[in-house]
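Enquirer: Please find the sequence and the predicted model below.
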Amino acid sequence: ALVREPGPANDSNTSAIQPLSYKTIEQKQPNTERQLVDIDSQCIPLTLTPPAPLIDDVSANDAAIFQEKLRSTLREAADQIVGQIFQALTKEFHIIVCGSPRVGKSTLINAICGQEVAETKDGLASCTKAISCHTLEGECEIDSKIIHYKYNFWDTPGFESWEKNDIRPNIKAIVKKPESKPLCMIFCASPGTFVNLEELKWLFDLCIREKHIFCALVCTNKYAGQTKSRRAVLDDFKGLLSTYVNDQLREEKDITFYGNVGLCTSVNSQLFEDDDRKLEASGIHELIYGIMESLVDEHVLDWCMLTLENKGFWKDMHEKAAGGVDRVKGRVKAVIDLLKSAKNGKRKKRK
């Protein structure tokens, strides 16, 4: 269970978008100072109808069908605005992953991406060696022009190391610059993990109240330990996250949704084996989809791009989620419509 411990006081027409290719890289982090729009301060959230249930019985051939339908959505919108969307992908995307050592953060990152993601040599080494960075570089071709972009997963240590390694200033450095606002923050704890709830509340206040960053609270290694230990972790997660929302919660397939604020679930990122049993990975695809349907504005497209090459996810969702293709396409189209209205001077500032 989580326990409270005392904490320290240019436009372009696009007619063809080629399939994405991914590769992992291992290099120093470049200077990412750029003049990009702060989504939080200059856009309004999308108003969308509630999603249909995740799981329904639908037959499918393979993941390529689902992936191609998402790509076709982008091709259908092949006008000036699409070029602008993909030009925006030249920036770096950031995802913060927090939690103590040995709770399965690296394994979770690999499971979300559908492949092993390289840890860069330096991360934030110029500031602290306590934070590491796993980087996935991608590219797509638009009218024979290659657009490069990459996703950085910032792996922070457990709260017990925060004061010693001066973690707080570096977390703020990641989340407070407009050009590096994270897509989301994922906090991991496994059954039996002890966490300083005061530090966790500080992190939530920063991400949710100040920067409106979506927070996914994940009980990792869910098959380890006793069921009551897993439930205790989830109960503590839910108790803290519920203080940040007023809307009615929604529970679906072992995920508790807190609107566009966050979600809470449990996963096992890889095959689990012990003397008596063998259990397959569980909950990862539902987590990916849950984050996808919870994000707002351009972040929906950003997250789709991150997961597009995870063939296992798209195959699973195509087989299980009736209407899943249409819902994802609908969300992407809504983002495109939002960007079109912004181009025409209709974007309002979020209060």
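Expert: Happy to help now that I have it.

Enquirer: CA atoms for contacts and neighbours, from now on please.
Expert: Fine.

Enquirer: which residues in the stretch 51-200 of the chain form strands?
Expert: Using DSSP state E, counting those that start in this stretch, the strands of the stretch 51-200 of the chain run over 92-98, 118-119, 132-142, 145-155, 184-189.

Enquirer: Residue 215 is nearest to which of the ones you listed?
Expert: strand 184-189 (4.8 Å; CA to CA).

Enquirer: got the angle between the closest one and strand 145-155?
Expert: 30 degrees (axes from the mean of the first three to the mean of the last three CA atoms, to 10 degrees).

Enquirer: quick one: strands adjacent to strand 184-189?
Expert: strand 92-98 (parallel), strand 214-219 (parallel) (DSSP bridges).

Enquirer: mind putting the strands of the stretch 51-200 of the chain in a markdown table, mean pLDDT, mean neighbour count and distance to residue 276 included?
Expert: Shown next, in a markdown table, are the strands of the stretch 51-200 of the chain (pLDDT from 0 to 100; neighbours: other CA atoms under 10 Å; distance: least, CA to CA, whole Å):
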| stretch | mean pLDDT | mean neighbour count | distance to residue 276 |
| --- | --- | --- | --- |
| strand 92-98 | 90 | 22 | 31 |
| strand 118-119 | 76 | 20 | 33 |
| strand 132-142 | 78 | 21 | 34 |
| strand 145-155 | 81 | 19 | 33 |
| strand 184-189 | 94 | 24 | 24 |
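
Enquirer: Could you tell me which residues within the strand or helix carrying residue 236 count as buried?
Expert: Element membership of residue 236 [criterion: DSSP states H and E] is helix 227-241. Applying a neighbour-count criterion of 16 or more other CA atoms under 10 Å, the buried positions in helix 227-241 are 229-234, 237-238, 241.

Enquirer: Then stretch 249-267?
Expert: 255-267.

Enquirer: export those residues to CSV and tack on secondary structure?
Expert: Output for the buried residues of stretch 249-267, formatted as CSV (DSSP: H, G, I helix; E, B strand; the rest coil):
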residue, secondary structure
255, strand
256, strand
257, strand
258, strand
259, coil
260, coil
261, coil
262, strand
263, strand
264, strand
265, strand
266, strand
267, coil
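
Enquirer: export the residues you listed to CSV and tack on distance to residue 189 and pLDDT?
Expert: CSV is the format used below for the buried residues of stretch 249-267 (distance: CA to CA, whole Å; pLDDT from 0 to 100):
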residue, distance to residue 189, pLDDT
255, 16, 94
256, 16, 95
257, 18, 96
258, 19, 95
259, 22, 91
260, 21, 90
261, 19, 94
262, 16, 96
263, 14, 96
264, 11, 95
265, 11, 95
266, 9, 93
267, 10, 92
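
Enquirer: What ranges does the stretch 51-200 of the chain have for its helices?
Expert: 63-76, 80-88, 105-113, 162-165, 167-175, 197-204 (DSSP state H, counting those that start in this stretch).

Enquirer: Spell out the residue ranges of the helices in the stretch 201-350 of the chain.
Expert: Counting by DSSP H, counting those that start in this stretch, the stretch 201-350 of the chain has helices at residues 227-241, 284-294, 299-307, 311-320, 324-343.

Enquirer: Can you flag the weakest of the ones you listed by average pLDDT?
Expert: With a mean of 60, helix 324-343 has the lowest mean pLDDT of the helices of the stretch 201-350 of the chain.

Enquirer: Burial check on the closest residue to residue 270 other than its chain neighbours, number of neighbours?
Expert: Nearest non-adjacent residue to residue 270, counting by CA to CA, 6 or more residues apart in numbering: residue 281, 4.5 Å away. Under the neighbour criterion other CA atoms under 10 Å, residue 281 is assigned a count of 17.

Enquirer: For residue 307, see how far away residue 281 is.
Expert: Residue 281 is 17 Å from residue 307, where distance means CA to CA, to the nearest Å.

Enquirer: Could you do residue 187 as well?
Expert: According to CA to CA, residue 187 and residue 307 sit 19 Å apart.

Enquirer: next one: residue 288
Expert: Taking CA to CA, one finds residue 288 at 8 Å from residue 307.

Enquirer: overlap in contacts of those two?
Expert: The contact sets of residue 288 and residue 307 overlap at residue 112 (CA atoms under 8 Å, 6 or more residues apart in numbering).

Enquirer: thinking again about what came up before, ok, the buried residues of stretch 249-267 vs residue 112, which is closest?
Expert: The closest of those to residue 112 turns out to be residue 267 (CA to CA; 11.3 Å).

Enquirer: pretty sure that closest one is touching residue 217, no?
Expert: No. The criterion here is CA atoms under 8 Å, and residue 267 misses it with residue 217 at 10.5 Å.
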